[in-house]
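J.: Here's a sequence, model it:
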Amino acid sequence: MPQEIKLRPHHGLCIQFFEGKGYDEAFTLNMTQIIAQLETENNLINLTPDCDVLCAACPNNMGGVCTDNEKVASIDKRTLNTSGLDIFRKILWSEYKKLLKDEIIETGRLKEVCRNCCWSRICLVKGSEQLRSN
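T.: Here you go, the predicted structure:
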């Protein structure tokens, strides 16, 4: 039985475009380890509106609350609305990853879903590259 991991909905997109950059070394290391775990173990994802395993090492996590919570909550909401899922949904990582790719990345909705994210320029470039290679 795969381990259950809490994940903010938009983090399923962040993971797909991560390239080793982050807020600091601790954040980058945590992100790298979580991605490796998801890719090798195909964990069960529990979509959460709160800080998750990636937030654990984020400098914006202040006692379990994101200092940018309003902004990231809006990205979470757009991710859920576009993918057709609900908060607290449990789904295998491989299925979630494919759903986000099919419904957001390959449909060109990434720019809209992630419109107010400071990292979106990286994702948009990588997303365009993925679309061209398909």
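J.: hey, let's count contacts and neighbours off CA atoms from now on
T.: Will do.
J.: show me where this protein has helices.
T.: Assigned by DSSP state H, the helices in the chain fall at 11-17, 25-41, 69-83, 93-100, 110-113, 120-133.
J.: So which other helices or strands are in contact with the longest one?
T.: When contacts are defined as 3 or more CA pairs under 8 Å, 6 or more residues apart in numbering; DSSP states H and E, helix 25-41 packs onto helix 93-100.
J.: Also the third one?
T.: Applying 3+ CA pairs under 8 Å, 6+ apart, one finds that helix 69-83 makes contact with helix 110-113.
J.: From the chain's centroid, how far away is the lowest-mean-pLDDT helix or strand in the chain?
T.: Least confident helix or strand, the chain: helix 120-133 with a mean of 74, by mean pLDDT, DSSP states H and E. Centroid displacement of helix 120-133 relative to its chain, using CA atoms, centre = their mean, to the nearest Å, is 15 Å.
J.: Please list the outside residues in contact with it.
T.: Cys14, Phe17, Phe18, Ile105, Glu106, Leu110, Lys111, Cys114 (CA atoms under 8 Å, 6 or more residues apart in numbering).
J.: Could you check the pLDDT of the residue nearest to Thr28 when sequence neighbours are not counted?
T.: Distances taken as CA to CA, 6 or more residues apart in numbering put Gly22 closest to Thr28, at 5.2 Å, once the chain neighbours are dropped. You'll see Gly22 listed with a pLDDT of 77.
J.: residues near Gly22, how many?
T.: When counting by other CA atoms under 10 Å, one arrives at 14 neighbours for Gly22.
J.: Could you check how far it is from Cys58?
T.: Using CA to CA, to the nearest Å, Gly22 is found at 9 Å from Cys58.
J.: From Gln37, how far off is the residue nearest to Lys71 when sequence neighbours are not counted?
T.: The shortest distance from Lys71 to any residue other than its chain neighbours is 7.2 Å, reached at Asn116 (CA to CA, 6+ apart). Going from Asn116 to Gln37 by CA to CA gives 28 Å.
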